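A.B. asks: Predicted model follows, preceded by the sequence.
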Amino acid sequence: MKKHVPVFFHLDINLIFNFICFNYILFKSFPASGRYEHSGEFFISIRGGHYMGTVSSKKTRLLCILMMLTLIIAGCSKGDSERSYNEGMKKLKAGNYDEAIEDFTRSIKSDPRNSDAYNNRGNAKYAAGEYQGAIDDYNKAIEIDPNNAKAYNNRGNAKNELRDSRGAIADYNRALEINSNDSNALYNRGMVLLRIGDVEGAIADFTSTIKVRPNDPEAYNIRGFSKARKDDMEGAFEDFAKAIALNPKYSMAYFNRGSLKSRKGDISGACMDMKKASDLGDVQAAEFLKKRCKK
């Protein structure tokens, strides 16, 4: 079987050198204004074609060599950055936050302009409870890429953990300016609005979340909870039922629906929902069964 060798290893170093020098001379010969003038001739042979000219001065050859070395070093650094970044992502998903932070740090050292590496190092710090450190990384990600909606959303989450509600909402707003269908920013903003008492605003955000993600049981559940706060019992029951239909093992939806049934005086129905929630591991539902439901 014929072995396939990567294209990189077929490149002639002289070809690379000549190509870089040709582009350098071409760049120097064509000013930004569009007008150009050049004297002398240059001749560079590139497989498949010829370009006229001369590369005779020692200064020009030295500059070409430096350009070639710079490109090689940059390519190696980029590769190291990507490898460390990918390792960091694996460890972040596995919950190995300290090791993920180390990998993202290595990625950043190899490529200091890697906005995603800063963003995900921030995510690892956030998951480890280092909220201010996470904010610092999100700040850097945004500085590098002002349109990084994920970084704004994530910074909003960290600010929310530090009880900076106004700052969190401002970041979610910015994320939504960049991407109006950012369902995470919509959901998270709704959660902050609910916490500070803007229930109507929260319901509006959860409704928008559902429009973007119509099969999101958590959005239906929290919207149902919010509607119950506004005494919209029918709407709340519908949302809890939808959440359960989307995820029959969603213990919180059963608990919330059971609590609503208890509030309306339907103890029998409440106990059925609490039993289901308890079977799925909800501790509060188990306590409700002990106190309110007959065995």
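C.D. replies: Yes, it's here.
A.B. asks: Show me the domain layout of this structure.
C.D. replies: 1-32+39-56, 78-146 (automatic domain parsing).
A.B. asks: Can you flag the weakest of those domains by average pLDDT?
C.D. replies: Mean pLDDT per stretch puts domain 1-32+39-56 lowest among the domains of the chain, at a mean of 40.
A.B. asks: Helices of the stretch 151-295 of the chain, residue ranges please.
C.D. replies: Listed in chain order, the helices found in the stretch 151-295 of the chain under DSSP state H, counting those that start in this stretch are 165-178, 183-195, 199-212, 217-229, 233-246, 251-263, 267-279, 283-292.
A.B. asks: So for residue 142, which of those sits nearest?
C.D. replies: Nearest of the helices of the stretch 151-295 of the chain to residue 142, taken as CB to CB: helix 165-178 at 8.8 Å. Bear in mind the C-beta positions are built from the backbone N, C-alpha and C, glycine included.
A.B. asks: Which residues outside the closest one are in contact with it?
C.D. replies: With CB atoms under 8 Å, 6 or more residues apart in numbering as the contact definition, helix 165-178 has outside contacts at 147-150, 152-153, 155-157, 159-160, 182, 185-186, 188-189, 192-193, 195-196.
A.B. asks: Quick one: mean pLDDT for it?
C.D. replies: Computed over helix 165-178, the average pLDDT equals 98.
A.B. asks: separation between residue 138 and residue 123?
C.D. replies: For residue 138, the distance to residue 123 equals 9 Å [CB to CB, to the nearest Å].
A.B. asks: brain fart, residue 134
C.D. replies: Counting by CB to CB - residue 134 and residue 123 are separated by 7 Å.
A.B. asks: And for residue 215?
C.D. replies: 24 Å.
A.B. asks: With adjacent residues omitted, what lies nearest to residue 219?
C.D. replies: residue 209 (4.5 Å; CB to CB, 6 or more residues apart in numbering).
A.B. asks: Next, count neighbours for that neighbour.
C.D. replies: Residue 209 is flanked by 26 other residues according to other CB atoms under 10 Å.
A.B. asks: per-residue confidence for it?
C.D. replies: Reported pLDDT for residue 209: 98.
A.B. asks: pretty sure it contacts residue 220?
C.D. replies: No. Residue 209 is beyond contact range of residue 220, at 9.4 Å (criterion: CB atoms under 8 Å).
A.B. asks: that older thread, more neighbours: which of residue 215 and residue 123?
C.D. replies: Ranked by neighbour count (other CB under 10 Å), residue 215 and residue 123 place residue 123 first, with 25 against 10.
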